[in-house]
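> Build me a model from this:
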Amino acid sequence: QVQLVESGGGLVQPGGSLRLTCVASALPSWFCMSWYRQGSGKERELVASMSNAGGSTTYADSVKGRFTASKDNAKKTLYLHMNSLKPEDTAVYSCNARSVLSGNEYWGQGTQVTVSS
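Predicted structure coming up:
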């Protein structure tokens, strides 16, 4: 069982920046960690996914060049740095942990990001 708690959301003007944080109760090396978002009336979208092997991070085309995902294994914390925010980035952002061994996955409660002037 892995508990995930996100924070850092809020209201920001277009062009602004935010940093989201996800603190995990555990961060085993066999877990793939990802950020998802879901806007009102929209399907959930994968934003960024960090491989469990510590290799590459993949991003949705809509956020490439603007968002950067990272993790601090010692602190069991994931980050999502979001720059040049647009109104269409408005959504609830959630972190996800998925075991590449069992397929089990865990979700945080999400944090609301609103981009508006």
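> what number of residues lie near residue 18?
20 (other C-beta atoms under 10 Å). Quick note: C-beta positions are derived from backbone N, CA and C, even for glycine.
> For the residue lying closest to it once chain neighbours are set aside, which residues are in contact?
Sequence neighbours aside, residue 82 is the residue nearest to residue 18 in space, at 5.0 Å (criterion: C-beta to C-beta, 6 or more residues apart in numbering). Counting by C-beta atoms under 8 Å, 6 or more residues apart in numbering, residue 82 touches 17-20, 63, 66-67, 89, 113.
> Just the buried ones from the residues you listed?
18, 20, 63, 67, 89, 113 (16 or more other C-beta atoms under 10 Å).
> May I have the residues that are in contact with the fourth one?
Residue 67 makes contact with 47-48, 59, 80-83, according to C-beta under 8 Å, 6+ apart.
> Buried among those? Make that a ChimeraX selection.
Entered in ChimeraX, the line below selects the buried ones among the contacts of residue 67, by 16+ other C-beta under 10 Å:
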select :47,48,59,80,82
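> Can you pull out the low-pLDDT segments for this protein?
Along the chain, segments meeting pLDDT under 70 span 53-54.
> What ranges does it have for its strands?
Listed in chain order, the strands of the chain (DSSP state E) span 4-7, 10-12, 18-24, 31-38, 45-50, 57-59, 67-72, 77-82, 91-99, 105-107, 111-115.
> Now residue 58. Nearest residue, chain neighbours left out?
Using C-beta to C-beta, 6+ apart and skipping residues adjacent in sequence, the residue nearest residue 58 is residue 49, 5.1 Å away.
> how many other residues sit next to the one you found?
Residues lying near residue 49 (other C-beta under 10 Å) number 18.
> And stretch 72-87, how far out from the chain middle?
7 Å (C-alpha atoms, centre = their mean, to the nearest Å).
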